[in-house]
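Visitor: need the 3D shape of this:
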Amino acid sequence: MTTIQNKATNPVAHLSAEDIENLGAELDAIREQVLASRGERDAAYIRRVIDVQRGLELAGRATLLFSLFPPAWLLGTASLSVAKILENMEIGHNVMHGQWDWMRDPQIHSTTWEWDNASPSAMWKHSHNELHHTYTNVLGRDNDLGYGIMRVDEDQRWKPGYLGQPLWNAINMCFFQYGIAAYDVEVGKYLAGRKDSDQFWAEARVVLAKIGRQATRDYVVHPLLSGPSAATTLTANVVANLVRNVWTHSVIMCGHFPEGVETFTKSSIEGETRGEWYLRQMLGSANIEGGRLMHIMTGNLSFQVEHHLFPDLPSNRYQEIAPKVAEIMQRYGLPHVSGSLPRQVASAWGKVVRLALPNELLDRGARTLAKVTTLPGRGRVATVESSMAA
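Guide: Take a look at the predicted model:
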């Protein structure tokens with residue numbers, strides 16, 4: 001049985017090693033059911049989303065040719081913003097996870113897709129698919145935790161620079177695609193002297209070349225094609241990219257950073273079993289509640305728990321399997337962090353602000369407790385974070 005110094009606040013203290021492996025077997029069964037049932041309706045879904053996205057982008061750019069007129073500017077900017085969000089979230093992110101590779105369509109394949117984002121797909125797939133999804137919420141292994149600029153756990157040593165993390169996070173939100181590109185090329189490791197200079201600059205040149213192509217398209221070619229509307233088309237493209245960045249950042253924050261989401265130490269995953277990996281995904285993720293349109297606009301990352309459990313299953317299936325996952329979590333007595341978009345955004349930002357302060361200044365009534373957990377039958381130690389606040 002999982003033991004802890006304070007069992008009353010340990011979310012897995014009641015589970016035995018056998019429980020955890022049985023949980024894993026149940027989740028494996030869900031995965032196999034989806035794999036066996038993939039077919040034409042799934043293929044039709046992603047093709048339809050791609051068609052809608054391309055139609056919205058074409059309509060938005062065409063409308064912005066007349067963006068001197070405010071209604072055309074508003075309509076064109078809105079259409080282009082939605083198109084960019086769909087391309088990044090429901091299409092690019094999920095295609096590059098290999099969710100549609102089973103179709104054997106070279107146009108919708110993880111090895112060929114290049115998305116409308118500053119980070120080249122190959123670099124993103126390494127940092128996201130290979131690192132983030134393997135080491136989800138493991139401090140020191142999952143660099144998505146705070147992106148190297150934020151303190152996300154009370155056990156992290158506080159530094160004065162963390163006082164500015166609400167500001168850093170706000171800036172990162174507005175320029176999110178560029179922040180991700182800098183993260184993927186590992187600027188932090190290079191500045192710390194932990195990355196080979198030649199490798200860094202070779203990768204940086206690839207990133208800069210892609211940024212140059214994007215900037216030329218959005219900020220030069222498209223405005224020039226608008227003729228008299230060049231200036232207003234330029235502002236529309238700036239706003240569309242800003243909207244996409246803010247939306248993407250907010251969705252990702254909601255899935256990874258709200259109160260109640262756990263973090264883990266590197267030692268906790270040594271010899272990790274399949275069931276324990278599943279358990280870590282469930283404890284380290286949060287969902288967003290809403291309607292079908294909202295789910296599509298998030299790339300179905302509103303089902304972040306399901307996505308972390310099954311990152312390569314078609315995204316349109318997450319809503320279908322979410323009740324099954326929730327039932328398993330309830331039956332095994334596991335916390336299921338979920339809430340509306342405004343609630344999850346507020347919770348995540350509240351955590352960013354709270355952890356900007358040193359521990360001794362935090363309100364003890366709202367502080368999280370650092371707990372030492374020994375996983376079942378292993379005699380090893382894992383530190384997790386669990387919020388006492390709602």
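Visitor: helices of the stretch 1-150 of the chain, start to end?
Guide: Assigned by DSSP state H, counting those that start in this stretch, the stretch 1-150 of the chain shows helices spanning 17-37, 40-63, 70-86, 94-95, 121-124.
Visitor: with mean pLDDT and distance to residue 318 added, can I get these in TSV?
Guide: In this view, the C-beta of every residue, glycine as well, is placed from N, C-alpha and C. Formatted as TSV, the helices of the stretch 1-150 of the chain follow (pLDDT from 0 to 100; distance: least, CB to CB, whole Å):
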stretch	mean pLDDT	distance to residue 318
helix 17-37	97	10
helix 40-63	98	12
helix 70-86	98	16
helix 94-95	98	10
helix 121-124	94	20
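Visitor: which of the ones you listed is buried the deepest?
Guide: Stretch with highest mean neighbour count among the helices of the stretch 1-150 of the chain: helix 94-95 (a mean of 25; mean count of other CB atoms under 10 Å).
Visitor: of all the helices of the stretch 1-150 of the chain, which lies closest to residue 248?
Guide: Residue 248 sits nearest to helix 70-86 of all those, at 7.2 Å, using CB to CB.
Visitor: rewinding a little: any chance of TSV for the helices of the stretch 1-150 of the chain, columns distance to residue 274?
Guide: Formatted as TSV, the helices of the stretch 1-150 of the chain follow (distance: least, CB to CB, whole Å):
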stretch	distance to residue 274
helix 17-37	5
helix 40-63	25
helix 70-86	33
helix 94-95	23
helix 121-124	26
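Visitor: out of these, which gets nearest to residue 358?
Guide: Closest of the helices of the stretch 1-150 of the chain to residue 358 is helix 121-124, at 34.1 Å (criterion: CB to CB).
Visitor: sorry, back to before: let me know which of the helices of the stretch 1-150 of the chain is the nearest to residue 170.
Guide: With CB to CB as the criterion, residue 170 lies closest to helix 70-86 of the helices of the stretch 1-150 of the chain, at 19.3 Å.
Visitor: quick one, the closest one and helix 40-63 angle?
Guide: Helix 70-86 and helix 40-63 are oriented at 150 degrees to each other (axes from the mean of the first three to the mean of the last three CA atoms, to 10 degrees).
Visitor: which strands and helices sit next to helix 70-86?
Guide: Packing contacts for helix 70-86, counted by 3 or more CB pairs under 8 Å, 6 or more residues apart in numbering; DSSP states H and E, involve helix 40-63, helix 230-256, helix 292-297.
Visitor: wait, what's in contact with the closest residue to residue 78 other than its chain neighbours?
Guide: Closest residue in space to residue 78, ignoring its immediate chain neighbours: residue 60 at 7.6 Å, by CB to CB, 6 or more residues apart in numbering. By CB atoms under 8 Å, 6 or more residues apart in numbering, residue 60 lies in contact with 75, 76, 77, 78, 79, 80, 81, 82, 83, 240.
Visitor: how about the third one, nearest residue that isn't a chain neighbour?
Guide: Right, the one you point to is residue 77. Ranked by CB to CB, 6+ apart and with sequence neighbours excluded, the top spatial neighbour of residue 77 is residue 236, at 4.3 Å.
Visitor: what's the burial count for that neighbour?
Guide: 30 (other CB atoms under 10 Å).
Visitor: quick one on the thing from earlier: in CSV: the helices and strands packed on helix 70-86, plus distance to residue 335.
Guide: Putting the helices and strands packed on helix 70-86 into CSV (distance: least, CB to CB, whole Å) gives the following:
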stretch, distance to residue 335
helix 40-63, 31
helix 230-256, 15
helix 292-297, 22
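Visitor: which one, of those helices, ends up nearest to residue 309?
Guide: Shortest distance between residue 309 and these, using CB to CB, is found for helix 230-256: 12.5 Å.
Visitor: list the buried residues in the helix or strand just after that closest one.
Guide: Later in the chain than helix 230-256, the nearest helix or strand by DSSP states H and E is helix 274-283. By 16 or more other CB atoms under 10 Å, the buried positions in helix 274-283 come out as 275, 276, 277, 278, 279, 280, 281, 282, 283.
Visitor: ok, back up a step: what about the residue nearest to residue 77, distance to residue 223?
Guide: For residue 236, the distance to residue 223 (CB to CB, to the nearest Å) stands at 9 Å.
Visitor: contacting residues for residue 214?
Guide: Shown in contact with residue 214 (CB under 8 Å, 6+ apart): 116, 118.
Visitor: can you tell me the helix or strand for it?
Guide: Assessed by DSSP H and E, residue 214 sits inside helix 197-216.
Visitor: what's the neighbour count on residue 327?
Guide: 12.
Visitor: now swap in residue 175 and tell me
Guide: Residues lying near residue 175 (other CB under 10 Å) number 16.
Visitor: rewinding a little: please identify which of the buried residues of helix 274-283 is nearest to residue 206.
Guide: residue 281 (31.0 Å).
Visitor: ok, now which ones touch that closest one?
Guide: Shown in contact with residue 281 (CB under 8 Å, 6+ apart): 136, 305, 308, 309.
Visitor: below-threshold pLDDT in this protein: ranges please.
Guide: 1-9, 146-148, 362-390 (pLDDT under 70).
Visitor: apply 50 and report the result again.
Guide: The chain contains residues with pLDDT under 50 at 1-8, 365-390.
Visitor: report the central residue of it.
Guide: residue 252 (3.9 Å; CA atoms, centre = their mean).
Visitor: for it, which non-adjacent residue is spatially closest?
Guide: Counting by CB to CB, 6+ apart, the nearest residue to residue 252 once its immediate chain neighbours are dropped is residue 301, at 7.3 Å.
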